[in-house]
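*Asks:* Attaching a predicted model along with its sequence, questions to come.
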Amino acid sequence: MLTLKLLKHIPAVSRSSQQELSSWNLSITRGVKVAVVGAAGGIGQPLSLLLKLNPLITELSLHDKSDTKGIAADLSHICTASTVRAFNGDTELVCALESASIVVVPAGMPRKPGMDRSELLDVNANVASTVARAVSNVCPSALLAFITNPVNAIVPIVAEVLKQEDAYDPKRLFGVTTLDVVRAKTFIGALLNVDPDTVRVPVIGGHAGQTILPLLSQCEPELRLDADKKAELVSRIQEAGTEVVKAKAGKGSATLSMAYSASRFVNSLLRAINNEEDIIECAYVQSTLSEAEFFASPVLLGPAGIKKNLELPPLDEDEEERLDSLIVQLNKEITDGVKLVAC
């Protein structure tokens, strides 16, 4: 009787609400498999947690050198529809990647205090190359998103490896630079005393130091700063990673903010796979927008990856000067990466 009484008080679902529910359920049935390579690390664990909450994912594949069974078991107790599977070591990498639509790679050694990003290159280049070769053999049509630092050199390395394996599609390879955008939005939001997620600001160039160029002239809402304050803000965005490394005092680098940013980027890829329109993200990709072969800029996403590299907006005089300078550094880092593959 109690059940019947309760049912009488449940409002009828309107036709529009039914359509919304049907649309939401349809998005779930179109879910995909996402593989996280480096799932046991400081970025990998919180990233995996955030991806477990995404209704567009039906299967979450976790891989790392160390045992991921405990992480997978822990995540599998979360009441969302996706299943979680664990894979460990080089021998299980192929199984982890099988049938993946998206492969996101936070694997690699993190940056430590006093360490230049270039010092990571020798170690992390090997990690990236191993993943690239596995992807080329198992899931060459997957969208491939690299977090592994230094991104400026790692993405060109991956491109070269995929070319060697005859599996390179520039539309499907991304360096994740979303954290630079997230930081810019956060810092600008604080300055303007507005919700940071309402801030719109493109960040172009690369993903390290002076190669990061926030286009403050294009900020929405409008940002009015004198030259000194503008330079101070640009510097903080460029050196935000070092700010976190110092604050953690030798105990790590940016992990939680990076996991959040990567989750946002993967969600945009998922939405694009599901044929949502007007999905635009800044990412580090092969590009003809500058004199650098790889360049971070806004890209329009679709089911097969990049639909279009969007044209750069007008830059002010200071941004033009910074762009000329960063291209020199970016080209050097790209060359350093490609040389490692040639050796």
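*Replies:* Done, it's in.

*Asks:* pLDDT below threshold where in the chain?
*Replies:* Along the chain, the model assigns pLDDT under 70 to residues 1-31, 111-118.

*Asks:* now the strands: where do they sit in it?
*Replies:* Along the chain, counting by DSSP state E, strands occupy 32-37, 57-64, 83-88, 102-105, 143-146, 173-175, 203-205, 212-214, 279-286, 294-302, 305-309.

*Asks:* quick one, which of the ones you listed is nearest to Gln164?
*Replies:* Of all the strands of the chain, strand 173-175 sits nearest to Gln164, with 14.0 Å by CB to CB. Backbone N, C-alpha and C define where each C-beta goes, glycine included.

*Asks:* outside of that closest one, which residues touch it?
*Replies:* Among residues not part of strand 173-175, those counted as contacts by CB atoms under 8 Å, 6 or more residues apart in numbering are 143-146, 151-152, 154-155, 158-159, 162, 207, 265, 283-286, 294, 296, 305.

*Asks:* quick one on the thing from earlier: export the strands of the chain to JSON lines and tack on mean neighbour count and distance to Ala231?
*Replies:* Shown next, in JSON lines, are the strands of the chain (neighbours: other CB atoms under 10 Å; distance: least, CB to CB, whole Å):
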{"stretch": "strand 32-37", "mean neighbour count": "27", "distance to Ala231": "38"}
{"stretch": "strand 57-64", "mean neighbour count": "23", "distance to Ala231": "40"}
{"stretch": "strand 83-88", "mean neighbour count": "20", "distance to Ala231": "46"}
{"stretch": "strand 102-105", "mean neighbour count": "26", "distance to Ala231": "34"}
{"stretch": "strand 143-146", "mean neighbour count": "27", "distance to Ala231": "30"}
{"stretch": "strand 173-175", "mean neighbour count": "27", "distance to Ala231": "26"}
{"stretch": "strand 203-205", "mean neighbour count": "28", "distance to Ala231": "16"}
{"stretch": "strand 212-214", "mean neighbour count": "26", "distance to Ala231": "12"}
{"stretch": "strand 279-286", "mean neighbour count": "22", "distance to Ala231": "21"}
{"stretch": "strand 294-302", "mean neighbour count": "23", "distance to Ala231": "20"}
{"stretch": "strand 305-309", "mean neighbour count": "18", "distance to Ala231": "28"}
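
*Asks:* want to throw the ones you listed into TSV with distance to Val135?
*Replies:* Shown next, in TSV, are the strands of the chain (distance: least, CB to CB, whole Å):
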stretch	distance to Val135
strand 32-37	9
strand 57-64	12
strand 83-88	14
strand 102-105	6
strand 143-146	6
strand 173-175	10
strand 203-205	26
strand 212-214	27
strand 279-286	16
strand 294-302	18
strand 305-309	13
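
*Asks:* Of these, which is nearest Met258?
*Replies:* strand 102-105 (11.3 Å).

*Asks:* Partner strands of that closest one and their direction?
*Replies:* strand 32-37 (parallel), strand 143-146 (parallel) (DSSP bridges).

*Asks:* Run a quick check on Asn81 versus Thr58, I expect a contact.
*Replies:* Quick fix: residue 81 is Ala, not Asn. Yes: taking CB atoms under 8 Å as the definition, Ala81 is a contact partner of Thr58 at 7.0 Å.
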